[in-house]
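Q: sequence first, then the predicted structure:
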Amino acid sequence: MNIKDTIRYYKEGIEKYDRENPATFRDRLAQVNDEFQELLEDKNLDELIDVIHTIGIVFHQLTGSHIISYIPWPNVKKHPMRYQKYGCIRSIINCQKYCKHN
């Protein structure tokens, strides 16, 4: 998938996820905390990328901009692939466990 399509499907998938699974600012901060706790436990690059991405989601909720969300490019690439494959940005396991879809 090229960069333009990756960004388009990323935005589309995030918007669909947010629309169908609305979160408060407090929910988003709890997600940052959860990701940070995982980073403290595992101390690896993948967890750091998840923390940065989740901070980007909070920034997006406050400003409408995805600019910080794009920094952890590995996350940005996997979300649109999932969205194209089965209609959700989350992993299949987490989608079945946490998501509400129309």
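A: That came through fine.
Q: tell me the phi and psi of the closest residue to residue 14 other than its chain neighbours?
A: Leaving aside its sequence neighbours, residue 14 sits nearest to residue 89 (CB to CB, 6 or more residues apart in numbering; 6.3 Å). Where C-beta positions appear, they are placed from N, C-alpha and C, glycine not excepted. Backbone torsions for residue 89, taken as degrees, to the nearest 10, come to phi -80, psi -20.
Q: next one: phi and psi at residue 44?
A: Per-residue torsions, residue 44: phi -140, psi 170 (degrees, to the nearest 10).
Q: how close does it get to residue 16?
A: Distance of residue 44 to residue 16, computed by CB to CB, to the nearest Å: 29 Å.
Q: can you check residue 79 too?
A: 11 Å.
Q: check contacts around the residue sitting furthest away from the middle of the chain.
A: In the chain, counting by CA atoms, centre = their mean, residue 41 sits farthest out from the average C-alpha position, at 20.2 Å. Neighbouring residues of residue 41 by CB atoms under 8 Å, 6 or more residues apart in numbering: residue 47.
Q: low-confidence ranges, the protein, go.
A: Residue ranges of the chain with pLDDT under 70: 102.
Q: just the strands in it please.
A: Assigned by DSSP state E, the chain shows no strands.
Q: more crowded one of residue 44 and residue 16?
A: Shown here are residue 44 and residue 16; by other CB atoms under 10 Å, residue 16 has more neighbours (16 against 11).
Q: sounds good, over and out.
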